[in-house]
Every structure is written in C-alpha cells, then in structure tokens.
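*Asks:* 3D, please:
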Amino acid sequence: MNCQTYRQQYTYEPSCQEEEFLFHKQACHDCAAFTKDMMQFEQSLIEAINVEIPDGLTERILQQQFKKQNSPSLLTRFNDWLKSILYLPPIYAVAASLFLVITLGSGQWQDNTVYLKQDILRYIENTPQAFQTSSAVPDAELKMMFQKIGAKMTGDIGKVTYCKLLTLQNYRSAYMVLSGKNGPINVFLIPDSKITKPQNINNVKFKGIIRPTAWGNIAIIGDQEEPLEQIAKRMNDKLIWL
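*Replies:* Now for the predicted structure:
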C-alpha cells in the first residue's frame, strides 16, 4: 500500500483493520503524521458539537428563518442538503452538522453567503487527494491556472501543494492548498463573487474567513493559529487581474 492509497482509505474508513493498512500506518512516518493531524481535526469537531442544545431550538430557528424568507426554493434546498449529508463519511457528517448549527444560529440561512460556505466546505470534504502530497506545484502549472481565471501571479504566494480550477456559485474559480505552519491551508479565489461583508467560520482547532476584494471574494480555511488575514493580503498583493 502506498501513501495515496492509505490516505484515501483513512479518509473514508479511519478504523480500517486490514493488515496492509495497519502495517503502512506503523511503518510510514509521513502517514503517521497525517493520521495524527486528521485525528486532532476529528476531535475538534466532536468537541465543538458536544454541547447541550435546548429542546426545540433547531425547530424554532428553522421556523423563524423560513418565515422570513417565505421561499419554497429555500426549503427545497435545505431538505436536499440534509439528505446529502446522510451519505457522507461519519466525520464529514459531523462537520456538516456543525456547519448547520453555526449558520442557522447566526441567522445567515437567508443569505446567499451560506450557500457559498456550504459549497466550499463540501468541496474540501470531497477532495481528499488535495492533502496527499507535500511537493510544490510547478510555477508553470500555477500560472496557467491563474491565467484561466483572469489573473497573473507577480510574486511569491507561499508553497502551493495542490491547485485546481472549479466552479463555485456559477463563478469560474481556483482552489489551492498551501503548506502552513500547522497543516494545510485551503484557499479559494472566486472572481466576480459579490459577497460584500466579511464572513468567519470559527472553531476551537480551525477557522475560516471569506473576504471581499476589488475582484471578487477570497476564502481561506486553516488551523486556528494560522495567520489567515495575512495570507489573504499576500494573495491580494501578489495577484493582478487582467
């Protein structure tokens, strides 16, 4: 079993007891570190939702938000999303549940912002291969990706270990994973996106920000100790839009 196979298997079945899986876990230093990071992340999610929620709170929040919105399409999207998380691996279902509590409790469900947050988190959840390498992406590959979203890199943005084009909210966007001090940092560049107010996602062990820029929005999710605001500024400073 190689590192990529091990990490894919761990992502979907952390408690796997296959002999080859367990042997690789013990023998590979890099994958042992990967496993430790994932376990810490999982524990942080468990701790975050391990709070007593008053009876009927969720129902009252939903009634309030749906009454304000008065939109059948919103209810339909909500129901579809609930169905979708039933088929996620357990740890990602926990993450999705935490996200629901945060967004509904803060009264943001009626705003399109919540859909962008949902799409970003879902994309990270569905892209485990983004965290299976520590090698830097060649500059030529980065430049090509930026060119396709109408940007040009003018300086060092940090060590990028993964990059890919994607569509978020019907906007052609770019996704990157940067090597941080305490783990991977997820960066999304979303040109023309029109969220005008800064948004945050906070947790004991990780945090996320969505910031408006002159060209659209930038979203960054990483460890609680990572300087996400500085990374957002560096990205903004080192990119020009054509």
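*Asks:* by mean pLDDT, flag the weakest helix or strand of this protein.
*Replies:* Least confident helix or strand of the chain, by mean pLDDT, DSSP states H and E, is helix 72-85 with a mean of 49.
*Asks:* quick one: end-to-end distance for stretch 185-200.
*Replies:* Start-to-end span of stretch 185-200 (C-alpha to C-alpha, to the nearest Å) is 15 Å.
*Asks:* okay, buried residues for it please.
*Replies:* 185-191, 193, 195, 199 (16 or more other C-beta atoms under 10 Å). Placement of C-beta: from N, CA and C, glycine included.
*Asks:* cool, and stretch 176-184?
*Replies:* 176-178, 180, 183-184.
*Asks:* now do stretch 163-170
*Replies:* 163, 168-169.
*Asks:* ok, stretch 228-240 next?
*Replies:* Buried residues in stretch 228-240, defined by neighbour count with 16+ other C-beta under 10 Å: 228, 231-232, 234-235, 239.
*Asks:* mean confidence for it?
*Replies:* Taken as a whole, stretch 228-240 has a mean pLDDT of 94.
*Asks:* can you check stretch 136-149 too?
*Replies:* 94.
*Asks:* same thing with stretch 164-181?
*Replies:* Mean pLDDT, computed over stretch 164-181, is 93.
*Asks:* endpoints of it, how far apart?
*Replies:* 22 Å.
*Asks:* widest-spaced pair of the buried residues of stretch 176-184?
*Replies:* Met176 and Gly183 (14.5 Å; C-beta to C-beta).
*Asks:* which residues of the protein fall in strands?
*Replies:* 151-153, 160-168, 171-179, 184-191, 199-202, 206-212, 216-223, 239-241 (DSSP state E).
*Asks:* and those strands as JSON lines, adding distance to Gln26?
*Replies:* Shown next, in JSON lines, are the strands of the chain (distance: least, C-beta to C-beta, whole Å):
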{"stretch": "strand 151-153", "distance to Gln26": "41"}
{"stretch": "strand 160-168", "distance to Gln26": "25"}
{"stretch": "strand 171-179", "distance to Gln26": "25"}
{"stretch": "strand 184-191", "distance to Gln26": "23"}
{"stretch": "strand 199-202", "distance to Gln26": "35"}
{"stretch": "strand 206-212", "distance to Gln26": "27"}
{"stretch": "strand 216-223", "distance to Gln26": "26"}
{"stretch": "strand 239-241", "distance to Gln26": "43"}
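*Asks:* of the ones you listed, which approaches Gln8 most closely?
*Replies:* Comparing these by C-beta to C-beta, strand 160-168 comes nearest, at 14.4 Å.
*Asks:* can you list the residues that contact the closest one?
*Replies:* 116, 119-120, 123, 127, 129-131, 133-137, 141-142, 145, 148-149, 172-179, 184, 188, 190, 193 (C-beta atoms under 8 Å, 6 or more residues apart in numbering).
*Asks:* partner strands of it, parallel or antiparallel?
*Replies:* Sheet pairing of strand 160-168 (DSSP bridges) gives strand 171-179 (antiparallel).
*Asks:* excluding its backbone neighbours, what's nearest Gly222?
*Replies:* Spatial nearest neighbour of Gly222, chain neighbours left out: Ile185 (3.8 Å); criterion: C-beta to C-beta, 6 or more residues apart in numbering.
*Asks:* which strand residues bridge the one you found?
*Replies:* Counting by DSSP bridges, Ile185 is bridged to Leu178.
*Asks:* identify the residues contacting it.
*Replies:* For Ile185, the contacting residues are 177-179, 220-223, 226, 228, 231, by C-beta under 8 Å, 6+ apart.
*Asks:* mind doing that once more with 6 Å?
*Replies:* 178, 222, 226 (C-beta atoms under 6 Å, 6 or more residues apart in numbering).
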